[in-house]
Every structure is written in C-alpha cells, then in structure tokens.
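Asker: quick check, what structure comes out for this input:
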Amino acid sequence: MEVYTALCLVTLLVALLSKGSHSQLDVCGISPLNTRIVGGQDAPPGSWPWQVSLQISGRHFCGGSLINKEWVLTAAHCFPSTSTSNLVVSLGRQSQQGSNPNEVSKTVAQIIRHPNYLSSTSDNDMCLLKLSSPVTFTNYIQPVCLAAPGSSFYAGTTSWVTGWGTTSSGGSLPQTLQEVNVPVVGNRQCNCNYGVGSITDNMICAGLSAGGKDSCQGDSGGPMVSKQGTRWIQSGVVSFGHGCALANFPGVYARVSLFQTWINSQITSNQPGFVTFSSNGTDSDLSVTCAGLPSVGTTTTPTTTPAPVVCGSASASLNSRIGGGSSLATAGTWPWIASLRKNGAHVCGGTLVAVDSVMSDASCFSSQPNVSQWTVILGRLKQNGSNPNEVTLNVLNITMSNLTGNNVAILLLASKPKLSNYIQPICVDQGISTFSTGTKCWVAGWGTGQGGVLQEFQTSVVDCVNVSSSDNICTGTVTLLQALMLVVL
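Answerer: Numbers count the residues shown, from 1 in each chain. Predicted coordinates for the structure are as follows:
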C-alpha cells in the first residue's frame with residue numbers, strides 16, 4: 001500500500017471552457033474576383049477561393065472548403081479511413097491538369113469525422129481536416145463564412161455548388177473547376193421526393209424539380225454557398241443524391257448551421273466565421289404535404305424553458321457528510337464524479353463541471369488524444385457489477401490547459417446527460433476563493449481495492465511548502481490504493 005499526497009489544481013475554468021479567439025469574420029466569405037449573378041459552367045480563377053481539391057497520390061477524389069488558415073470542412077463519407085498517408089489538400093487550384101500558378105498544396109495532420117456519422121443514412125456527414133501548416137490568404141485562397149445556428153434557407157434560396165465532379169451521371173471528371181446555380185428545396189418536399197424519414201434536420205436539399213442541374217457538378221465534400229450582402233455563406237456540404245441531376249431528386253447536403261458546436265469544439269483557436277443567413281418572406285415548404293409526412297404542427301418542437309442547472313447539489317438524503325466517514329461511498333454521494341475510460345477500461349477519474357463538460361488531469365491523456373477511444377460514465381458507483389443509475393457518453397473534444405505546472409483537461413461530451421440525484425455538476429472555484437490551511441475537504445475516486453467501489457476520505461488543506469501555492473492546493477496525506485483521485489472542496 002502506498003501513500004500519496006492529494007493535490008488539486010486551482011484554475012480559472014471559465015476561461016478554459018469558453019476559450020476566446022479572433023474568428024474569421026473579418027475575412028470570411030469575401031471573393032474579390034467573383035461577380036457572379038447567373039449561370040456558367042467553367043468557373044473563372046479565384047471565383048470560389050475557399051474551394052479545395054482533396055487528392056490521394058495526386059488523384060482528385062473529393063472537394064472541401066477552407067474555413068480558416070489551417071482547417072478544411074468536407075464530408076465524412078469521403079474518409080472511410082482516417083489515415084492521412086498520401087493525402088494532399090490543394091488550395092487555389094483551377095485546373096486538374098496543367099499549370100496552376102495560384103495553387104498551394106498542404107499535407108494533412110489530422111482527420112476528424114463527426115462521431116455520429118452514419119454511413120447507412122448519411123446523417124451527420126461532416127468531417128474536418130487539419131492542415132499540416134497554416135496557409136497564407138490571397139485573392140485565390142480565402143476562407144468561406146459558415147451558416148450560424150438559426151439561419152433560414154427557405155425553399156427557392158439561390159445557391160451555388162462548386163467542384164470537379166462529373167457533369168453528367170457516370171461521366172468523366174472535368175479538368176476545370178465547375179460551378180452550378182441551384183435553388184434550395186425545402187426538407188418537407190425533399191422528404192416527399194426521397195421517402196419520408198430519409199431527410200433529417202441535419203440535411204438541406206437543393207436542385208431543380210425538372211432536373212438538369214445538381215451537385216453531380218459539385219463534388220462530394222464540396223461547398224454549397226449563398227450570398228448575403230457582400231459575403232458568401234456556406235449552407236451545405238455535398239453529401240448524396242439519387243443519380244445525377246434527375247427530375248424530382250435534388251442533391252442532398254449536410255446542413256452546416258447545425259454543426260457549429262461540434263466544429264468549434266474541434267477548432268479551439270482562430271475559429272471559423274459563423275454568420276446568420278436570413279431568408280425573406282415565408283417558406284413555401286411549410287405547405288408541402290404527401291403521404292406519411294407529418295403536419296407542420298406535429299413536427300415543430302414546442303418551446304420550453306429548461307430548468308436551471310444547479311451545481312454542487314448532491315441530494316441531502318444521499319449525502320449527509322459532516323466529518324469523518326467511511327472509506328466507501330454510497331450511490332449518489334458524489335454525483336459529479338466521472339469514470340474516464342479508454343477503449344472500455346477505467347483510466348482516470350473526473351468531475352462533471354457543466355452539463356456537457358468533464359474536468360480531469362491532463363496527465364491522463366497523450367498530447368494528441370484520439371477522442372474516439374474515450375468514453376465517460378456518470379452516475380457510477382462500482383467498477384464491477386451493476387450500476388442502475390449510470391449513463392455512458394461519447395467524447396467530442398479533449399482540451400488541455402497550457403500552464404507551466406500541473407495541467408487540467410476538459411472533455412466536451414457528445415450529448416448532455418439527464419441530471420438526476422446521481423448525476424449533477426460540481427461548482428468550480430473561479431480563482432477568487434481562499435482555501436486557508438485547515439479547510440476541510442473530501443477526496444473521492446476509484447482505487448484498485450475495495451471491489452472497485454467509489455472511495456471517499458476527508459482531509460484538510462495544508463501548507464504547500466515547496467510547491468507553488470498560486471497554481472495548487474495541497475492536502476494532508478491520504479492512504480489510497482490508486483494515486484489519481486479527485487479533490488472535492
């Protein structure tokens with residue numbers, strides 16, 4: 001049995017959770033060389049400076065859009081594998097053959113597919129590529145603005161799709177960047193066309209009812225954009241369709257405005273510029289009906305006022321701790337405690353600090369953790385056996401602090417758990433409280449003994465002596481079988 005000193009890091013958590021940065025709003029969506037009003041086939045150089053060509057071993061296979069100096073937005077279905085080997089992103093490219101004097105090529109450091117992407121339904125067909133190094137903006141290389149939550153693209157909204165896709169179903173790839181002008185088709189109409197239930201809220205459709213124009217002329221992963229004022233705003237990512245440019249089968253795109261939270265959870269600095277696109281008048285799609293399509297009234301989610309989240313409120317009937325106490329916790333005593341698991345195995349403890357965020361020790365993770373390997377269990381008491389109150393959640397993003405001493409990690413959850421007597425967030429010190437020597441506190445976590453049951457010990461704050469007191473809090477020694485424990489003050 002080993003003896004460890006429990007150590008707690010005091011940090012301005014709010015600053016880490018809402019890490020601010022200059023977004024791309026000052027530069028996004030501006031195309032100095034684009035005066036497009038109506039149609040055309042070949043796109044003049046520089047017309048769509050955010051368009052990229054994704055290539056494997058020199059061969060184009062998908063499109064994408066530049067959203068800041070080192071990130072590209074594309075479709076998840078373009079990447080059945082997340083290997084970056086031989087993958088190149090070409091920016092400022094006009095032709096797939098011959099000279100491209102304005103072109104810059106970058107390798108890819110990371111591929112991040114949306115964790116909820118389903119290949120069977122094409123839902124959540126979103127993917128981010130991190131470039132190996134930032135690009136320099138020019139007239140031919142610029143980021144596009146992204147549609148913000150609350151954007152409205154009514155049926156008929158003028159949109160442009162670009163790429164090096166085929167110009168006819170089954171045709172060969174064109175050499176020159178293509179552009180096509182298509183109107184938005186409402187989701188109700190699109191559901192009627194493809195079969196009710198095929199088109200989710202995460203999708204947006206566009207095309208002519210008579211056919212003839214489609215994202216077949218765009219490219220998988222490429223952007224669909226609309227102009228508002230002087231800015232071009234990306235509404236969709238080319239996802240799928242039935243054939244190419246067929247009558248009554250519009251192209252289907254991933255709806256960008258519903259993915260801001262996920263995108264910003266992956267891009268924590270120099271975030272993309274999100275702009276709310278507003279359509280005028282009323283949406284004619286609301287009057288569309290067909291067999292099996294629910295009425296508008298039944299598909300509208302009623303507005304409710306969510307109950308406020310109260311931190312640090314363990315049920316009085318479940319936590320009556322005053323002093324001393326057993327080394328074994330009971331269910332619901334510490335409802336913010338989380339079990340962090342890598343590939344299904346418990347690795348570290350953590351605390352729920354917001355309804356969608358868990359804090360832990362950065363040393364639990366590698367410098368570039370793979371979020372797909374991690375899950376978080378809340379409401380758990382025992383590592384072995386049944387836990388009727390627990391919930392298992394996937395992780396969207398892991399952010400590490402960059403302090404000079406001890407570091408913390410924040411895990412952004414893929415979904416928000418339902419709060420209960422067994423799952424509650426903890427209150428977090430904002431750096432303004434004083435925890436003087438002698439202050440009583442509790443340490444809780446899972447040791448390797450006691451049958452894997454959550455353990456708890458009471459201790460008190462002590463003088464840190466040779467450890468920096470500005471970044472740390474020290475407590476008395478606690479005899480535990482596992483060093484990594486959470487200090488709850």
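
Asker: helix/strand/coil for residue 264?
Answerer: Under DSSP: H, G, I helix; E, B strand; the rest coil, the three-state class of residue 264 is helix.

Asker: what about the nearest residue to it once chain neighbours are set aside, which SS state?
Answerer: Excluding its sequence neighbours, the residue lying closest to residue 264 (CB to CB, 6 or more residues apart in numbering) is residue 271, at 5.4 Å. (Glycine included, C-beta is placed from N, CA and C.) Under three-state DSSP, residue 271 falls in the coil class.

Asker: residue 271 contacts residue 25, correct?
Answerer: No: the criterion here is CB atoms under 8 Å, and residue 271 misses it with residue 25 at 9.5 Å.

Asker: those two: which has the busier surroundings?
Answerer: Comparing residue 271 with residue 25 by other CB atoms under 10 Å, the one with more neighbours is residue 271, at 22 against 14.

Asker: before we move on, the earlier item: quick check: the residue nearest to residue 264 vs residue 155, distance?
Answerer: 30 Å (CB to CB, to the nearest Å).

Asker: which residues are in contact with residue 423?
Answerer: Residues counted as contacts of residue 423 (CB atoms under 8 Å, 6 or more residues apart in numbering) are 335, 352, 378, 379, 389, 391, 417.

Asker: how many neighbouring residues does the fourth one have?
Answerer: What it means is residue 379. Neighbours of residue 379 using other CB under 10 Å come to 25.

Asker: that one against residue 335, yeah?
Answerer: Yes: with contact defined as CB under 8 Å, residue 379 reaches residue 335; the gap is 7.1 Å.

Asker: between these two, which contacts overlap?
Answerer: 420, 422, 423.

Asker: from the residues you listed, which is closest to residue 76?
Answerer: Within those, the smallest distance to residue 76 is 30.1 Å, found for residue 423 (CB to CB).

Asker: give me the beta-bridge partners of the closest one?
Answerer: Going by DSSP bridges, residue 423 is paired in beta bridges with residue 420.

Asker: likewise residue 72?
Answerer: Counting by DSSP bridges, the residues bridging with residue 72 are residue 66, residue 129.

Asker: do a quick rundown of the strands in the stretch 201-350 of the chain.
Answerer: Under the criterion DSSP state E, counting those that start in this stretch, the stretch 201-350 of the chain carries strands at the ranges 203-206, 223-228, 231-240, 251-255, 274-275, 337-342, 345-354.

Asker: out of the ones you listed, which comes closest to residue 95?
Answerer: So among those, strand 223-228 is nearest, using CB to CB, at 18.9 Å.

Asker: show the buried residues in the contacts of residue 423.
Answerer: Buried subset of the contacts of residue 423 (neighbour count, 16 or more other CB atoms under 10 Å): 335, 352, 378, 379, 389, 391, 417.

Asker: and the fifth one, what does it touch?
Answerer: Counting by CB under 8 Å, 6+ apart, residue 389 makes contact with 331, 332, 379, 380, 381, 420, 421, 422, 423.

Asker: can those go into TSV with extra columns for distance to residue 96?
Answerer: Below are the contacts of residue 389 laid out as TSV (distance: CB to CB, whole Å):
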residue	distance to residue 96
331	62
332	61
379	54
380	53
381	59
420	56
421	60
422	57
423	53
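
Asker: from those residues, pick the one nearest residue 56.
Answerer: residue 380 (42.7 Å).

Asker: state the pLDDT value of residue 44.
Answerer: Note on residue 44: pLDDT of 79.

Asker: quick check: it is in a helix.
Answerer: No: secondary structure of residue 44 (three-state DSSP): coil, not part of a helix.

Asker: relative to residue 349, how far out is it?
Answerer: For residue 44, the distance to residue 349 - CB to CB - is 58 Å.

Asker: so for the two, which residue has more residues nearby?
Answerer: residue 349 (22 against 15).
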